[in-house]
Structures are given as structure tokens and as C-alpha cells.
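Trainee: next come a sequence and a model predicted from it.
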Amino acid sequence: MCPRSAEQFEQIKDERRRALLRAARVVFSRKGFAAAKIADVAAQAGISHGLVYHYYPEKESLFAATIEASAEGWAALVASVRAQAGTPWDRLVSLCGQMIAGMREEPEHLLMTVHVYSEDASPGVRDVLRRIRQQVLGDLEVMIQDGQRAGQVAPGDPAALTRALIAIVQGLAINRLVEPEAALPPLDVVLRILRA
């Protein structure tokens, strides 16, 4: 058997880190930061308790990394949709459709955000979330402005429309957590506040 190369070791470490962050997202979203234990995350990830500490020296750093990865995923989604071809309205439809699909598939993202603001999360964790949230809101506001210039989005304050759309999406996510079996409204209903 050939020994692994440094590149293979790095790939294994990256895969393990991603799996660990997915497991942490599930555990922290269900239990919150205060009640979650490293042993819970290790069990969810199927790895040893000590291996978690190899990647993250304490629970706070694991929580911060989990929040940052989740928030960066949303920022990357918005950035990729902004770069898509098509009309501004097409891009808004694509973004909202993907956000709603994400709520169905991984509702933990919203719960993580709720825990950051409702628990005693460190200011550093809140700052990371606040910074990325502002980036996402700014990108979405630009998309709405583009739609307004094209006559495809309703007139009005783009910042207010952005916050209203985010509030609707977050409200749907919370409703999904409260009533998992309830059907989500069709995308055209969600986007009605923006339609010109």
C-alpha cells in the first residue's frame, strides 16, 4: 500500500472539517450553543470526541466556524445568482427559489442565526454574522435596484423591499420549523411584493 501524499492528507482533513461543520450545524441548531456538547457533535459526525478538539480547540471556535460557514454559504449563493445570465427578475426568481429550497433541505441555517441572537454568543460571532448579513442584504438590494431600472420590480425604497423579502423568507423558515408538514406558498406568492 502506498503512503498518502500531503495533498491527500489535506483533502481528508478538508472533508472531515466539512463533515464536522455539518454535524455541528445540526447539533447547535437543535440544542443551542449553551446546551450542546462537543460529545454531541462528535456522535453526530461519527468521529471521536478528541478528534473534534484537533480541529477546533473549544466549543466557541466550533460554533463560530459553523456560523461563518453557514453565512458564507448564503453570501456565495447570492453572489452566484447575481452573476447568472438573464433578466433581473429571472435572477430574483432564481435566488428566492433556491432560498426556499434551502429552507426545506437544511432548516438548521436559520436556527443557527436565531441562536446567535438569542443566546450569549460572543461578540466576534455576532460580528461575523452581522458582516455577512450586511453583504447579502446589500447584494440583494442591488438586484432589486437592477429590477426596478428594468421595470420588472415594483417601485419603492430598495432597502425596504429587501428587508421585506428577507422577512418573508425568514418567516417561512420559522413556519417550516413550527409546522414541518405545512406546504410552503408558491414562489409567485412570495415574490408578489416585488412584482412590477
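Mentor: Here it is on my side, so go on.
Trainee: my guess is residue 52 contacts residue 37. True?
Mentor: No. Contact criterion Cβ atoms under 8 Å: residue 52 and residue 37 do not qualify, at 10.2 Å. Any C-beta I mention is one placed from the backbone N, CA and C, and that applies to glycine too.
Trainee: compare these two (neighbour count), which wins?
Mentor: residue 52 (21 against 12; other Cβ atoms under 10 Å).
Trainee: does that one sit in a helix, a strand or a coil?
Mentor: helix (DSSP: H, G, I helix; E, B strand; the rest coil).
Trainee: any idea how far it is from residue 11?
Mentor: 19 Å (Cβ to Cβ, to the nearest Å).
Trainee: what's the neighbour count on residue 28?
Mentor: Neighbour tally, residue 28, other Cβ under 10 Å: 26.
Trainee: wait, is it part of a strand?
Mentor: No. Per three-state DSSP, residue 28 lies outside any strand segment and is helix.
Trainee: now do the contacts for the closest residue to it other than its chain neighbours.
Mentor: Leaving aside its chain neighbours, residue 28 sits nearest to residue 36 (5.2 Å; criterion: Cβ to Cβ, 6 or more residues apart in numbering). If you count contacts by Cβ atoms under 8 Å, 6 or more residues apart in numbering, residue 36 has them with 27-28, 30, 59, 63.
Trainee: from residue 56, how far off is residue 36?
Mentor: In this view, residue 36 and residue 56 are 13 Å apart by Cβ to Cβ.
Trainee: go on, residue 33?
Mentor: Taking Cβ to Cβ, one finds residue 33 at 13 Å from residue 56.
Trainee: out of the two, which sits in the more crowded spot?
Mentor: The neighbour comparison of residue 33 against residue 56 (other Cβ under 10 Å) goes to residue 33, with 23 against 20.
Trainee: quick check: the more buried one touching residue 59?
Mentor: Yes. If you go by Cβ under 8 Å, residue 33 and residue 59 touch, sitting 7.4 Å apart.
Trainee: give the buried residues for whichever strand or helix holds residue 13.
Mentor: Assigned by DSSP states H and E, residue 13 falls within helix 6-35. For helix 6-35, a neighbour-count test (16 or more other Cβ atoms under 10 Å) marks 20-29, 32-33 as buried.
Trainee: next: stretch 134-147.
Mentor: 135-137, 139-141, 143-147.
Trainee: repeat for stretch 88-98
Mentor: For stretch 88-98, by 16+ other Cβ under 10 Å, it's 88-89, 91-96.
Trainee: would you agree residue 122 is in contact with residue 60?
Mentor: Yes. Using Cβ under 8 Å, residue 122 is in contact with residue 60, at 6.2 Å.
Trainee: per-residue confidence at the residue nearest to residue 28?
Mentor: You'll see residue 36 listed with a pLDDT of 88.
Trainee: do residue 148 as well
Mentor: 96.
Trainee: what about it, how many neighbours?
Mentor: Neighbours of residue 148 using other Cβ under 10 Å come to 18.
Trainee: now it: which helix or strand?
Mentor: Using DSSP H and E, residue 148 sits within helix 123-149.
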